[in-house]
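Enquirer: Return atomic coordinates for the entry below.
(one chain, ligands or ions: 2)
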Amino acid sequence: MPFDDDPNVPLEPKPVRQARLISQALPFMQRYTDQTIVVKYGGHAMGDAELSAAFARDIALLKQSGIKPIVVHGGGPQIASMLDKLGIESRFESGLRVTDEQTIEVVEMVLAGSINKQIVQEITSAGGKAIGLCGKDGQMVTVKKLTRTTRDTDSNIEKVVDLGFVGEPETVNPSVLDMVTQEALIPVIAPVASGADGKTYNVNADTFAGAVAGALNATRLLFLTDVDGVLDAEKNLIPELTIAKARTLIADGTIAGGMIPKVETCIQAVEQGVEGVVILNGKVPHCVLLELFTAHGAGTLITR
Ligand SMILES: Nc1ncnc2c1ncn2[C@@H]1O[C@H](COP(=O)(O)OP(=O)(O)O)[C@@H](O)[C@H]1O
Ligand SMILES: CC(=O)N[C@@H](CCC(=O)OP(=O)(O)O)C(=O)O
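Expert: Ligands and ions are numbered 1, 2, ... in the order given. Predicted coordinates for the structure are as follows:
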């Protein structure tokens with residue numbers, strides 16, 4: 001039965017309606033009991049105070065329902081604004097921030113510092129017990145330096161682009177997260193980690209969330225972004241996508257820009273054993289509950 005009003009049910013007092021709505025969530029709660037759900041909370045979804053309070057409540061509610069939520073957050077716009085305040089210029093190559101020594105200091109300060117603690121505080125205010133971490137804690141995630149190549153359009157020569165301190169996950173050690181999630185705690189993780197050289201690296205938050213979800217065999221990985229999901233050529237939402245279909249849409253250009261690395265991360269995560277990955281609009285209040293606890297679902301579900 002859908003979450004909203006059932007036309008077959010006559011007008012009923014508000015508390016009765018509320019009770020009926022809560023009761024409708026029971027089969028969904030039972031479906032996900034004890035399951036790991038990784039939620040990637042992007043920087044664009046964080047701007048609005050009411051929305052972020054609703055997000056924190058959703059995460060606290062998941063934990064309260066016996067689910068193991070893990071939040072991996074981004075903070076691209078917030079890093080940009082701090083770099084701007086400090087007069088440090090920043091640029092992107094293939095969707096990744098070129099990160100020099102000065103920039104990585106700011107990235108760590110913003111991601112593992114202010115944003116991470118703010119999300120922890122919001123979940124705490126919603127009655128949950130959040131613990132703020134980054135890849136460095138308990139050596140949960142180690143990274144290797146990421147190199148990218150580009151092809152010069154005039155000469156067609158391929159050249160290596162040095163992105164500086166940008167890393168890609170090399171190892172994910174699930175034991176720290178297992179320990180934390182066995183307790184009443186909700187891990188909130190910033191995508192910053194160390195390399196074998198002992199240096200700090202900046203990791204794209206989508207990539208980081210995909211690696212964590214894959215290593216934990218999560219039941220669901222949710223990507224909260226600023227569009228309703230993957231859209232077709234007519235800009236209609238595609239509710240479900242297989243890996244093969246997703247690849248076709250990338251190849252024919254329907255999936256473009258920032259959606260390409262996101263969908264590629266989804267494909268990798270599903271191939272690594274995540275049951276289903278959903279791309280959904282983080283600007284819709286309570287989108288996490290909509291997706292997990294109602295028959296409506298939300299966004300695009302990508303499965304094998
Ligand atoms: N087929 C598509 N469906 C949905 N979004 C698309 C598609 N192709 C390109 N996009 C773009 O991808 C963007 C989402 O990627 P991105 O901006 O990197 O997200 P985030 O900052 O949340 O990680 C959308 O806002 C949209 O402009
Ligand atoms: C290497 C790289 O680009 N890292 C990202 C990390 C934050 C991020 O991914 O945040 P969103 O999810 O809000 O985009 C950055 O510096 O912006």
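
Enquirer: how about the helices of the stretch 201-304 of the chain, start to end?
Expert: 205-215, 243-251, 259-271, 287-293 (DSSP state H, counting those that start in this stretch).

Enquirer: Go through the ones you listed and name the closest to ligand 2.
Expert: Smallest distance to ligand 2 across the helices of the stretch 201-304 of the chain (C-beta to the nearest ligand atom): 3.4 Å, for helix 205-215. For every residue, glycine as well, the C-beta is placed using N, CA and C.

Enquirer: which non-adjacent residue is nearest E275?
Expert: In this structure, E275 finds its nearest non-sequential neighbour in T219, 5.0 Å apart by C-beta to C-beta, 6 or more residues apart in numbering.

Enquirer: returning to that earlier point: out of the helices of the stretch 201-304 of the chain, deepest packed?
Expert: Ranked by mean neighbour count, these are led by helix 205-215 with a mean of 27 (mean count of other C-beta atoms under 10 Å).

Enquirer: Any buried residues in stretch 95-103, and which?
Expert: Judged by neighbour count (16 or more other C-beta atoms under 10 Å), stretch 95-103 contains these buried residues: 96-99, 103.

Enquirer: thinking G95 is in contact with K262, fair?
Expert: No: here G95 does not reach K262: they are 9.4 Å apart, not a contact under C-beta atoms under 8 Å.

Enquirer: joint contacts of those two?
Expert: Residues touching both G95 and K262 (C-beta atoms under 8 Å, 6 or more residues apart in numbering): there are none.

Enquirer: related to what we said a few turns ago, let's have the helices of the stretch 201-304 of the chain in a markdown table, adding distance to E108 and mean pLDDT.
Expert: Output for the helices of the stretch 201-304 of the chain, formatted as a markdown table (distance: least, C-beta to C-beta, whole Å; pLDDT from 0 to 100):
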| stretch | distance to E108 | mean pLDDT |
| --- | --- | --- |
| helix 205-215 | 14 | 96 |
| helix 243-251 | 32 | 95 |
| helix 259-271 | 22 | 93 |
| helix 287-293 | 27 | 93 |
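
Enquirer: Could you point out which of those helices sits nearest ligand 1?
Expert: Closest to ligand 1 of the helices of the stretch 201-304 of the chain, according to C-beta to the nearest ligand atom: helix 259-271, at 3.6 Å.

Enquirer: tell me the pLDDT at I22?
Expert: pLDDT, I22: 89.

Enquirer: That one: how many residues sit nearby?
Expert: A total of 11 residues lie near I22 under the criterion other C-beta atoms under 10 Å.

Enquirer: tell me the SS of it?
Expert: Per DSSP: H, G, I helix; E, B strand; the rest coil, the local secondary structure of I22 is helix.

Enquirer: Leaving out the residues flanking it, which one is nearest to whichever residue of the stretch 201-304 of the chain sits closest to ligand 1?
Expert: Residue of the stretch 201-304 of the chain nearest ligand 1, by C-beta to the nearest ligand atom: G258 (2.1 Å). Leaving aside its sequence neighbours, G258 sits nearest to G95 (C-beta to C-beta, 6+ apart; 5.9 Å).

Enquirer: and if you look at A60?
Expert: G128 (3.4 Å).

Enquirer: So the one you found sits against F55, correct?
Expert: No: G128 is beyond contact range of F55, at 11.4 Å (criterion: C-beta under 8 Å).

Enquirer: Show me which strand runs longest in this protein.
Expert: Counting residues, the longest strand found in the chain (DSSP state E) is strand 158-172.

Enquirer: Check which residues of it are buried.
Expert: The neighbour-count check on strand 158-172 (16+ other C-beta under 10 Å) flags 163-169, 172 as buried.

Enquirer: touching ligand 2 at all, it?
Expert: Yes: using C-beta under 6 Å from any ligand atom, we find that strand 158-172 touches ligand 2 at V166.
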